[in-house]
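A.B. asks: Here's a sequence, model it:
(chains A, B, C, D, E, F and G, ligands or ions: 2)
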Amino acid sequence: MSLAVAPILVPLFFGALSLALWRYRIAQRVLGLVGTLVLLAVAIRLFQVVHAEGMVVLHMGGWAAPLGITLAVDMLGAIMVVLTGITGLAIALFSMGDTPERHEHFGYYPLMHLLLAGVAGSFVTGDIFNLYVWFEVMLIASFALLTLGGERAQMEGAIKYVTLNLFSSAIFLSAVGILYGLLGTLNMADIAQKIDQVENTAMINVVAVMFMVAFGIKASAFPLFFWLPASYHTPLVGVSALFAGLLTKVGVYALFRMFTIVFDHDVAYTHEILVWVAGLTMLSGVLGAAAQYEFRRILSFHIVSQIGYMILGLALYTPLAIIGGVFYIMHHIIVKTTLFLVSGVTYRIAGTHELKDLGGFFRSRPMLSVLFLIPAFSLAGMPPLSGFFAKFIVIRAGVEAEAWGVTAVALLVGLLTLYSMTKIWAEVFWKAAPDTESGEPAGQGSTVGLGWMYTAIAGLAACTVFIGLNGEPIYALAETAADQLLNPDRYIRAVLEARP
Amino acid sequence: MMLLAVLSGFILALFAPLICRVAGDRCGWVFALLPATLFVWFAWLLPEVMANGAQVVRYPWFPAMEINLDFLIDGLSLMFALLISGIGTFILIYAGGYLKGHPYLGRFYVVMLSFMASMLGVVLSDNLVTLFVFWELTSITSYLLIGFEHEDVKARASALQGLFVTVAGGLALMAGLIMLGTMAGSYSLNDVLASDADLLGHEWAVPMLLCILAGAFTKSAQVPFHFWLPNAMAAPTPVSAFLHSATMVKAGVYLLARLNPALGEAELWTLLLSFFGGLTMFTGAFMAITHTGAKKVLAYSTIMALGTLVMLIGIGTHYALVAFATFLVAHSLYKGALFMIAGILDHETGTKDVAEMGGLASLMPVTSVAAAVAALSLAGLPPLLGFVGKELMFEAVLDAPAWQMLLPVLAFGAGIGVMVAAGIIAIKPFYGKRLETPKHPHEAPVSMLAGPVVLAGLSLLFGVALFIPEQTLVAPVVASLGGAAEKVHLALWHGINMPLILSLGCLVVAGLILRFWSRLQPQLDVLREGLGRFGPEAGYFRIMEWLTRIATWQTRVLQNGTMGNYMITLALTTVGITGFTLITQYGVPLRLPVPDSGFAAGIALLMIVSAFFATGTVSRLGSVAAMSIVGFAVALIFILFSAPDLGITQILVETLTVILLVLVLFRLPGFTRMSSPLERWRDIIVAVMVGALMTVLILAATEVQFFEPISAEHVARSVSDGHGRNIVNVILVDFRALDTLGEMFVLALAAVGVYSMIRLKAEDQTA
Amino acid sequence: MMDLIIAVFLISGAAFMLLAALGILRLPDLPTRMHSSTKAGAMGAMLIMVGVVIGFAEWLALARGLAIVLFIMATTPIAAHAIGRAGYIIGVPLWDGTIKDELRENYDTRTHGLRSDAADQDEPRL
Amino acid sequence: METLMAYIVGAMFAAAVYMMLRRSIVKLVIGLMLLSNAANLLIFTVAGMRQGAPPLVPEGAEVPASAVADPLPQALILTAIVIAFGVLAFSVVLIHRAYEVVGTDDLDRMKDTDT
Amino acid sequence: MREANTLILRTAALLLVPMQLLFSVFLLLRGHDEPGGGFIAGLVASGAVVLFLFSYGVSATRELLRVDPRDFLGVGLLIGLASILPSLILGQPAMTAQWWQIPLPGGDYYKFSTPLIFDVGVYLTVIGSILTMVVGLSESEESDA
Amino acid sequence: MIAFFWNVILALLWVALTGSFSGGNLLAGFVFGYLALAVMQRHIPVLHGYSQRVPRFMAFALFFLKELFVANVRVAYDVITPVWYMKPGVIAMRLEAESDIEITLVANLISLTPGTLSLDVSDDRKVLYIHAMFMADEQELRDSLHELERRILRVLR
Amino acid sequence: MNSFVLTLVYSMLALAMLMAAIRLGKGPSLPDRVVAIELISSMVVGIIGVHALDTGVLSFLDVAIVVALVAFLASIGFARFIERGGPRE
Ligand code: NA
Ligand code: NA
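C.D. replies: Ligands and ions are numbered 1, 2, ... in the order given. The predicted structure follows:
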């Protein structure tokens, strides 16, 4: 009955095993695929149990909450874990075709496993300090993955990424310390329960705001996002995609977790701040993208912008808004990963990410073009893809909450997102390739392994189409998740009353 | 069945490339089977709907969000569906001929069929959101169609422009529809139209109206959003023909017509629609005569028609509604025909400029006749359906409730404009002196002729046999629009009345203009250029330019690459938001430090002095050395305050850190002073602010303790349950072993990261 | 009585520490400072440990005290040797009052070799 | 002591931030070290400081004879120290590599990825 | 280049390294009851190997260790994870500690437990990590020089 | 060295046999073991001279502590007084010690004695270079250094 | 233990540490600073000893053992660094 910890232990195990077998490249590749497959399998199993029972609580070591570390997986956590599995598997597949041998020799696969472990750990834990630990696991795995190529841009980007994220970690840690000083506990449910008993919540608000800053940095919210556009376009494409899909979402997840279950004592104050953050994040991210002319840079800025939508869902704090936020997270993880992976194929073929040097892909690779168009239009919120419903729910929530300003921003940002996506489309796919007779991409890159890459992309694109055409069950999941988030009492009872 | 009807286009689209490969040049005929079948089916539905009223067919899709594939079948939707499928049939056939041998014919049909299906979805949807879904799909597919010749930069720019404008409006529309749905309590159009709720009295009424109008106006190319439409001519002619005649641009008109029963009573609705409609009508007509490209002229005449339709909905009187329905049908027929003819012309002659053509009638007799008929309908001359539509339109504007004098004047001008345009299209290329063209023209193939001939023929047939459109199309539409269907009566001759006089006036003036058309050109060019400089399209370009400029500026300011600025922003944000919360909600708990242990205080002071020294010294190694004193001091603080494990760990870590540092620092440069004094002061201020915040936070946090820590239980159970006397270690390896597990992996990860960095470098060097 | 003995050891240990600190603060060059720090520092620590062990009056304390003293005696001179040698080799300047340097001429700055032949013929007198 | 420590820790945060604001990447290392020390001390301070009562149970006893210092923050800080060490080790090597690859230690000249 | 601090440091290292290693094992084993534990012990042991490394250089250190530091890393992590297995096999919540009394001659018992295995995993991981870094850095330093 | 090792093992055996692990008992075990070895040493070659070496070690320890204290005071005096009486310099000292252990121990103990600091050993391991603080009488210094070396070697050999 | 004696000892040690720290700050050469660190680590051993006696907690002596056994590694590291030709400051 330790299913809740499986999403952590599986990648940890495969990561450790890959490290132990560091000499054998083929073993690493096999473990890469098998490990992510198993992760997805346990994630789905966990999801099924959560779906059936509402929540899965595991007191690690048999120490009942709040004594030990308790893993508490509710619907949101389960969804996130499944998404982790999906993304992990897609990246593993893609990596089969795209990872240079020397990267495989120097820990690419172990780092990938452990990054997934950190991500999954963040999603399942119900302990605030344990969350810090998984954040760090994730963070340092990402540091290492970011710098794996040793290129100049990677180094420059990594310095910013590392420094700003460490600042965030320091604030996170300080906030945990202060929270412990105030409430004497680390278990989220226990914290939530105790906060409910506090009359003067001034200090609680202070701590809440600190968490907001710390997670805001991790989530790359305005004005704390600098590290992301500075670094996400630099590593291997598979790594970029993994980061883009999952990492910032962990920050968003943490905001969702903390600002529903735990810090729901003064929504008028805390979530009002979040509304502003959401609006400015959307806007500044999308404007950043509009100024870019490099494939992955555009995509990177759009992560920022899209984070704004998710935060908006949280900030409006109505059931529908939270549903929208959760839906948006699900959609965005898949779509963003896909887009980055597509950039990997174009890079492989044309050897550049610069829009001006790319072109001719619609002519030469119609399949890839379709596989780009689907997530691109989905990202821009075009129907009937997943992004449309995600945006629609958030906007509807915004309208119903009469949050006119931020809703208008959300709409405008949708338009500008479309602008960016069509920019990529026009430059990379429509335009004839520059400097070639045929107008087709020059094709310096080897096409070995493209099959793996296409498989990953096609699988994810199928997911976004599936979510789009089949929104109802996904919505139902988001609804369950939102319902649980908005009723912290159930969470608290489930955690504190569960027996080991 | 309905669902299949709407989605069949998408399904067929999936197989389009395959079919193209199999059927080869004749694939257009194959594809046309689908719309033809649909046409028959819709036609078959018509009598039933006329007899029993509107029907709603429901297919659940996303019921939780009230988003369902529900279809509303009534006169209005069926009329549109018939136009789409009917004209679509000929367009698909036509495209096969027009794009014969084109390498991307398969892709073309994929998008074209999707576009057709989307359009059917728009006009048939009962659900506001589903309608919007299809609405956006038309935007996307038309984007792909306009940009079909995508290696041409102009095609790409035009495609983007069309998409940008229509999606911008579309987003407003989405907000508007959400508001409407929320206000009405249902997203079903049928429910909205039947709703008892006081929609117009609701406080959201005005924003809702404006949002919906923004969507409709952009889609239907109303002034000032009209500019994208002529540019969309970059698309292959079959696309233009389809877009302009029966689809895309009509979506906005459809939506307005659809919502007219619910919203038509609003004064704002009447004012805005009739004003912008009238203005658009006039502008379109006027612009049409300033151009010489056949497709451009037609495009502006489409704008004129769209304006007319919108204006008529706005006027909303019985005449206006009848005029709307009649004009709509007439326009779809002649515009489809004329576009296909324009396509034939450029296909056969190799030029798009009407001014370069002349005397083609003898070479292309069938085309010239079809062109003449369609153009007469466009000009609004009897006995064609266009004439009836125009007469009704004059009738409507003459007793419009709003903009009393303005609308007739605009309408008169527009009447002149379309007549001139018709002349340009139908007379100029076919008659007069034979001009040499880049290609030697022949009569077009059957596939390309079928459309123009049939549509032009219908224009004539409907004009002569008015009862057919009256009963099958106009009356049902008027009923759907909330008018009195039984009062609909179309006639060619109403006696000598004001509309007829206006028509004659138009004819006279238009004849004069046509007579001197070539002489007017230079003046018109000047005028057009002036408008180009100040018109809405210039506005669009300015917006796009400003967008880029603002984006670049913002990025330069925020994402400027200067790490210091990033840190300052982060630090100040932290200080600002946390400090604000603390000060406003808690206060500033300043206390003076009174150490209870002088020695510990001394160590603490030593620590901070060393820390400052490490910060201030110009010697890099001095700094590292000072940091190890800081480390020792921290360890001592830990030890003095009862944390031996921490003390040991701190010292060990400090030692190993020094070792690591000296291994690496060796190859790094020394400290250099790079910042200006001003920057240093700025940084000091920021740093002090962060420090002050942390101090105040700790002071506050140590004042308050709401609950006893849970660790009392750790202490109590460490020996009995954890079997260990070092409570910290029991926590680390048992109570909270998961933390430690994670931490192990952190260390391992750091090692892997370090190793790969140095090893990959070593490989670089050997490589 | 016991307290007095402990106090004497502790205070003298601390005094040596103070002395060592004063030494490295006052003495004019690196080697002389090292004389002060390594010896007096180790001496101070050892004296304090003696006081502590007496104070605890426990076998475990004795064992630990012995271990500490042993470790200090083992590590301090090695560190001193390493630093002193390094300082000398990179040419940290000696005090003006230094009267003799028999090392310099035997040290090859290029190969870092250290000869013995030129050394003073200082045979041990038995 | 907590009051004094509040000022000390604040000062350490200030020093850390100041170093992190320097343009020289070498100074960044010092900043990171100070930052993690400051955060650890913050936890230590806020959790309450108690002298001479380490959380150890005497041999043969079930519970400590008298009140002991809170062991939980100590465990947290221990974890944090080790994590910070790992991160620092990585950062140091990263900075070294960055210096090698970019050829400067001036952060303001490492703008390629942003502009 | 002349290896630094040859004679004195090398000899001293020979004496000190075993002492440090022994002490680290001591710290590891009794960490559950007194200050110490896997981390601290691992750090001390790493210190010992670093001393050896500084005295004898990289290749000698590699010979001393016999296995690559990275193997310590993988094995340590796997041992840490393996300590979770008993709880999983017994169907208890993951990481539930298992205690076994191993009888010693003389009627005493030795307390053997999964937390101890876990701590050993930590110990090896710490050694593996630090040595991977330090040995790697020294190697690249040597290749630089 | 082997003999000492034996002694330790005997002590541990004693502890195990008596079943009480206290410092006192360990010391007792060590003493009994020492006595046993002292009796046995004539018959076992590796134990030769072990019984003498322990008292010699004790004596050396006392000597060393005295030296340490005296020399420390001397340094202390110079540090405290404002004027420098010292005459520092670097001297080369011929080594009698031969093995690595001997050289290292000699060097380290010289370093621990105030006023002298081992800087380095020559490559051929014949000369120890020493920084001395008080070289007013160089010969006396050399003598005392050699004396120290002899005493160390006597304990070791 | 007599609190006066302890206070005195603590004060002396604190003063000593301060002075060592001053040398560390002044340098001028890196070896000078390292010497100061080395001395301070000895002082830390002493302080921990006194503190152990002060509080009566024997376990603190373990910390002192670790310091005595390991702290010199930093000096060795610095020395190695200096000899390998790190820039002289
Ligand atoms: Na009206
Ligand atoms: Na830990």
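A.B. asks: Can you tell me which residues in the stretch 201-350 of chain A are near chain D?
C.D. replies: A:226, A:229-231, A:233-234 (Cβ under 8 Å from any Cβ of the partner chain). C-betas here are computed from N, CA, C, even on glycine.
A.B. asks: in the chain, which segments are predicted with low confidence?
C.D. replies: Defaulting to chain A. By pLDDT under 70, the weakly predicted segments of chain A are A:1, A:442-445.
A.B. asks: The intended chain is chain D.
C.D. replies: Along chain D, the model assigns pLDDT under 70 to residues D:115.
A.B. asks: Where is the longest helix in it?
C.D. replies: The longest helix of chain D (DSSP state H) is helix D:71-102.
A.B. asks: Please state the offset of that helix from the chain centre?
C.D. replies: 9 Å (Cα atoms, centre = their mean, to the nearest Å).
A.B. asks: packing partners for that helix?
C.D. replies: helix A:128-146, helix A:152-183, helix B:644-665, helix B:711-717, helix B:727-730, helix B:737-766, helix D:25-46, helix E:114-144 (3 or more Cβ pairs under 8 Å, 6 or more residues apart in numbering or on different chains; DSSP states H and E).
A.B. asks: and these as TSV, adding mean neighbour count?
C.D. replies: Formatted as TSV, these follow (neighbours: other Cβ atoms under 10 Å in any protein chain shown):
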stretch	mean neighbour count
helix A:128-146	27
helix A:152-183	26
helix B:644-665	27
helix B:711-717	20
helix B:727-730	31
helix B:737-766	25
helix D:25-46	26
helix E:114-144	25
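A.B. asks: Put together CSV for the ones you listed, with distance to chain C on each row.
C.D. replies: Converted to CSV, the helices and strands packed on helix D:71-102 look like this (distance: least, Cβ to the nearest Cβ, whole Å):
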stretch, distance to chain C
helix A:128-146, 32
helix A:152-183, 31
helix B:644-665, 11
helix B:711-717, 23
helix B:727-730, 19
helix B:737-766, 25
helix D:25-46, 21
helix E:114-144, 16
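A.B. asks: Ligand 2 is nearest to which of those helices?
C.D. replies: When these are compared by Cβ to the ion, helix B:737-766 sits nearest ligand 2, at 3.7 Å.
A.B. asks: For D:Leu16, list the residues it contacts.
C.D. replies: Heads up, residue D:16 is Ala, not Leu. Residues near D:Ala16 by Cβ atoms under 8 Å, 6 or more residues apart in numbering or on different chains: A:170, B:687, D:31-35, D:37-38.
A.B. asks: and the longest helix seen in chain C, does that touch chain G?
C.D. replies: The longest helix of chain C (DSSP H) is helix C:59-89. Yes - Helix C:59-89 reaches chain G (Cβ under 8 Å from any Cβ) through C:60-61, C:64-65, C:67-68, C:71-72, C:75-76, C:78-80, C:82-87, C:89.
A.B. asks: At the geometric centre of chain D, which residue sits there?
C.D. replies: For chain D, the residue nearest the mean C-alpha position is D:Ser36 (1.5 Å; Cα atoms, centre = their mean).
A.B. asks: measure stretch A:225-234 end to end?
C.D. replies: The first and last residues of stretch A:225-234 sit 16 Å apart, counting by Cα to Cα, to the nearest Å.
A.B. asks: How about the residue most central in space within chain C: what's its closest non-neighbour residue?
C.D. replies: Residue closest to the average C-alpha location in chain C (Cα atoms, centre = their mean): C:Thr38, at 2.4 Å. Nearest residue to C:Thr38 in three dimensions, chain neighbours excluded: C:Ala80, at 4.1 Å (Cβ to Cβ, 6 or more residues apart in numbering or on different chains).
A.B. asks: again with A:Thr99
C.D. replies: Excluding the flanking residues, the one nearest A:Thr99 by Cβ to Cβ, 6+ apart is A:Tyr108, at 5.5 Å.
A.B. asks: Secondary structure class of A:Gly149, three-state.
C.D. replies: Assigned by DSSP: H, G, I helix; E, B strand; the rest coil, the conformation of A:Gly149 is coil.
A.B. asks: what about chain G, any weak spots by pLDDT?
C.D. replies: For chain G (pLDDT under 70), the answer is G:1, G:85-89.
A.B. asks: Where do the strands of it begin and end?
C.D. replies: In chain G, no strands are defined using DSSP state E.
A.B. asks: if I pick the residue nearest to A:Thr99, what's in contact with it?
C.D. replies: A:28, A:95, A:99, A:145, A:148, A:236.
A.B. asks: measure the residue in the stretch 251-400 of chain A positioned nearest to ligand 1 to B:Ala216 for me?
C.D. replies: Among the residues of the stretch 251-400 of chain A, A:Val399 lies closest to ligand 1, at 25.3 Å counting by Cβ to the ion. A:Val399 is 19 Å from B:Ala216, where distance means Cβ to Cβ, to the nearest Å.
A.B. asks: Ok, B:Leu160 next?
C.D. replies: In terms of Cβ to Cβ, B:Leu160 sits 21 Å off from B:Ala216.
A.B. asks: which ones are touching the residue nearest to C:Thr38?
C.D. replies: Per Cβ under 8 Å, 6+ apart, neighbours of C:Ala80: C:34, C:37-38, F:111, F:117-118, G:38.
A.B. asks: Show me which of those residues are buried.
C.D. replies: Among the contacts of C:Ala80, those scoring as buried are C:34, C:37-38, F:111, F:117-118, G:38 (criterion: 16 or more other Cβ atoms under 10 Å in any protein chain shown).
A.B. asks: For ligand 1, state which of these is nearest.
C.D. replies: Distances from ligand 1 to those, taken by Cβ to the ion, are shortest for G:Glu38, at 93.4 Å.
A.B. asks: mind listing what the closest one touches?
C.D. replies: Contacts for G:Glu38 (Cβ under 8 Å, 6+ apart) come out as C:37-38, C:41, C:76, C:79-80, C:83, G:71-72, G:75.
A.B. asks: can you give me the strands for chain A?
C.D. replies: In chain A, the strands defined using DSSP E lie at A:56-59, A:70-73.
A.B. asks: Can you point out the buried residues in the helix or strand bottoming out on mean pLDDT in chain E?
C.D. replies: Lowest by mean pLDDT, DSSP states H and E among the helices and strands of chain E is strand E:109-113, with a mean of 81. Across strand E:109-113, burial judged by 16+ other Cβ under 10 Å covers E:Ser113.
A.B. asks: Mind checking which of the contacts of C:Ala80 land in helices?
C.D. replies: Reading helices off the contacts of C:Ala80 with DSSP H, I get C:34, F:111, G:38.
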